[in-house]
Structure formats: C-alpha cells, structure tokens
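>>> Output the structure for:
(one chain, ligands or ions: 1)
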Amino acid sequence: MHLSKRFVGLATGLLLSTVILSACNSEEALEVKDTVSAEESEVAVIGPHEDLNQPPVAPGVERDGSDVYINMTAQITDIEIEKDYNYKAWTFNGEAPGPVIVVNEGDTLHFTLDNLDPLIPHSMDFHAVHTAPDTGFADVGPNEEGTFVYQANSPGVFMYHCGTAPVLSHIANGMHGVIIVKPADGYPTDDEIDSEFVIIQNEWYKYNDLNDMTNGVPSQVVFSSKVLPDGDQPNTDGTVGALIDEPLYAKEGDKVRFYIANMGPNEFSSFHVIGTVFDDVYIDGHPYNHQKGMQTVGLPASGGAVVEFTLKEAGQYKFVTHQFNHVEKGAAGKIIVE
Ligand SMILES: [Cu+2]
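From the prediction side, this is the model:
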C-alpha cells in the first residue's frame, strides 16, 4: 500500500470539546468545556486518498412490493469528528455512521454497493440477514459495483458494516451503520409512541492506525442521530457534541422510542437516559425480547435495541453511556422537552 506524506490534520494541541457531567444533589448538570486531547497519528494518509473528499451521495431505496432495491456507495469523505479536526473517513455514502436503512420483515433486499474508492476493496455485512459470507458479503473492487440479494426475515435493529480485511480498520475508519427490519406485526407498544429517533454510538481512534485501534483506547466516543424515511429527525455524523449542538425535541408527557445501536468497533455501551426509566425495551429490536422497567441497556459491540420511555416533566434530559470515561470523550446527547 502506497503511503506518502504524514497526516498533518491530526495536529497535537487539538481542542476536544469534552462533555462534563456532574451530579449535584438529585440534579445532574451538563457543561461543555474544551480540553487538549488527540495526538498526531503515526500513520500517513493513503496516497490516492490524499486529495479525495467525495461529497455525500444519498442512498437509493426503492420498493416494488416486497422487493427493496438498495443502492449505497463506499467512499472517502472528510468528517469533522471534533472541532477543527477532519478525519479522512472511509464511509458508506459519505456519512459515518452511514445512513439508516429501514425495511420490513419478509422483504427481499436487492443490494448494490458502488465502490467509489479508487484504491481499496470494500464490502457490506448486514447483520440482519442469513447468507454465506464469502459470497453474500464478498469484496467489491475499487471503482467496481457488486449486487447481492438477501431475505430480511428477522425483525430488529441491526448493525451493518464493511467486512473487508482488516475489518477493524474498515469499521474504525467509519464504515458502519444501522438497518432496521420492522416486525411484520409491529411492537405491542406501537400505539403508545409519540416520536421516534435512531441513536448510534461509535468510537474513533487515530487515523487509520491499526495499532491504535487494536491496542489503544478511543480518542472520541460519540453519539449520532439518523433521519428515518419521511422523518424530520436530525441526521448527524458521529461527532463530538453532535446531539448537544443539535438536540432532539419532545413534548411533556410524550412516550419516546429510540432505536439504539452500538457500532463499537471495540467498546461496550451502557445506554442510559438521565431522569427517566425505560418502560419497554426490546433487546436487538425483536418484539419477543420484551423487557420492562430497565435503567440502563447494555449494548455489546454491534448490539441494538428498541428503548421506550416517558418524559413526564418539561426540561432537558441527557442521554449517555453510563461508562463515564466515554462521556468525557463525547458520548452524550440531549432531549429538550417542552
Ligand atoms: Cu471497507
């Protein structure tokens, strides 16, 4: 692999917006301050990627009965993962995490990956399907296109990611996202829900540094929100402060549903909303896995869930991973209840 100049975008002395949560009596407050964090990566930007910043391409999703035709790209796009720090991300469709894909239980997926990367093969591994991975999740070469067909017969909230070796590099560089397979008979609580959002956790390491990804700790741990089809939810990348700067909104008394998922690649998530209790939880988003009255939902790397909670009083509610070292690195968001 050809490497050229050093990746100077990762300068030392970088300002990291760190979110500090402090408990004060029964009230938990959140303030944002700046501190010095990330160190320069030892890894150079890959030569053919140096001058590449491919603009985001909207995914194509078209339905014909129960056949769904999904077109996505693999592409190289700069993501400002914290203030003044651009990461030359490997992405699906120019977003990291990639766009959320929503299909129905029983659909046939006709998936095409258009690999716009001039150098590296990429692929797609949908956790929502059964397929022989060596063919169903096969690599698509640089500047090539590959089409694959799957059945989506298991409802849930699933990860998708690039499965090309080394997988850790491809996921940690940004190639991950969520596919929701809506249950044929819905969830038993569907009628109670006032609004819904997709919330994703992922972590970042030094640019394309497989050693740091393997042996280091994440530089940033972040939340993002993805817009649902025909929805008006925020659509953000996984960047520090994304869902503090662009909060979610709900009304007093609302029952809110989050489709949550943890992309990792390495870390666990302990998902928690401060000031409420999860009335209903569906682990991995399957209606059969119905839990009640949970305070924190554990999400393994690649795990998902549907969590539903009531916002009984107006105010500002933060959501975090209750592994607070990761909150210091950015993993917090906010719902404003009016
Ligand atoms: Cu890839």
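>>> In terms of residue numbering, what are the domains of the protein?
47-182, 189-337 (automatic domain parsing).
>>> who wins for proximity to residue 41 among those domains?
domain 189-337 (3.9 Å; Cβ to Cβ). All C-beta spots, glycine's among them, are computed from the backbone N, C-alpha and C.
>>> what's the first-to-last distance across the closest one?
Domain 189-337 has an end-to-end distance of 21 Å (Cα to Cα, to the nearest Å).
>>> Ok, stretch 150-157 next?
16 Å.
>>> re the thing from before, tabulate the domains of the chain in TSV, adding columns for distance to residue 41 and mean neighbour count.
Compiled in TSV, the domains of the chain are given as follows (distance: least, Cβ to Cβ, whole Å; neighbours: other Cβ atoms under 10 Å):
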stretch	distance to residue 41	mean neighbour count
domain 47-182	10	20
domain 189-337	4	20
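>>> Can you redo these as JSON lines, where the extra columns are mean pLDDT?
Formatted as JSON lines, the domains of the chain follow (pLDDT from 0 to 100):
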{"stretch": "domain 47-182", "mean pLDDT": "97"}
{"stretch": "domain 189-337", "mean pLDDT": "97"}
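>>> Serialize these to TSV and add fields for distance to the ion.
Below are these laid out as TSV (distance: least, Cβ to the ion, whole Å):
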stretch	distance to the ion
domain 47-182	3
domain 189-337	12
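>>> Where do the helices of the stretch 51-200 of the chain begin and end?
133-136, 167-172 (DSSP state H, counting those that start in this stretch).
>>> ok, the residue lying closest to residue 183 once chain neighbours are set aside - contacts?
Nearest-residue entry for residue 183: residue 155, 3.6 Å, with adjacent residues in sequence omitted and distances by Cβ to Cβ, 6 or more residues apart in numbering. Taking Cβ atoms under 8 Å, 6 or more residues apart in numbering, we find residue 155 in contact with 105, 181, 182, 183, 184, 285, 286, 287.
>>> How about residue 77?
Here residue 77 is in contact with 53, 54, 55, 56, 89, 91, 94, 95, 96 (criterion: Cβ under 8 Å, 6+ apart).
>>> got the phi/psi numbers for the third one?
Dihedral angles phi and psi of residue 55 (degrees, to the nearest 10) take the values phi -60, psi 150.
>>> Can you tell me how far the closest residue to residue 242 other than its chain neighbours is from residue 319?
The shortest distance from residue 242 to any non-neighbouring residue, by Cβ to Cβ, 6+ apart, is to residue 236 (4.1 Å). Distance, residue 236 to residue 319, using Cβ to Cβ, to the nearest Å: 14 Å.
>>> Could you do residue 224 as well?
On the measure of Cβ to Cβ, residue 224 and residue 319 end up 12 Å apart.
>>> Now list whatever residues contact both of these two.
Here residue 224 and residue 319 share the contacting residues residue 199, scored by Cβ under 8 Å, 6+ apart.
>>> what pLDDT does residue 28 get?
pLDDT for residue 28: 44.
>>> Oh, that last question was meant for residue 22, not what I typed.
Looking at residue 22, the pLDDT reads 38.
>>> can you check the one 3 residues further on too?
Confidence per residue is given as pLDDT, and for residue 25 that number is 36.
>>> Enumerate every residue touching residue 257.
Counting by Cβ under 8 Å, 6+ apart, residue 257 touches 193, 195, 196, 197, 306, 307, 308.
>>> Correct me if wrong: the residue nearest to residue 242 contacts residue 247.
No: Residue 236 is not in contact with residue 247 according to Cβ atoms under 8 Å; the separation is 10.8 Å.
>>> how about the contacts of residue 257 in CSV, adding distance to residue 138?
Output for those, formatted as CSV (distance: Cβ to Cβ, whole Å):
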residue, distance to residue 138
193, 38
195, 39
196, 34
197, 33
306, 31
307, 34
308, 38
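>>> just those residues now: which is nearest residue 204?
For the contacts of residue 257, the nearest to residue 204 is residue 197 (21.8 Å; Cβ to Cβ).
>>> how close does the closest one sit to residue 228?
8 Å.
>>> Which residue is the nearest non-sequential neighbour of residue 284?
residue 156 (4.8 Å).
>>> what about the helices in the stretch 201-338 of the chain?
Using DSSP H, counting those that start in this stretch, helices in the stretch 201-338 of the chain cover 210-215, 242-245, 324-327.
>>> Would you format those as CSV with distance to residue 292 included?
Putting the helices of the stretch 201-338 of the chain into CSV (distance: least, Cβ to Cβ, whole Å) gives the following:
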stretch, distance to residue 292
helix 210-215, 37
helix 242-245, 26
helix 324-327, 26
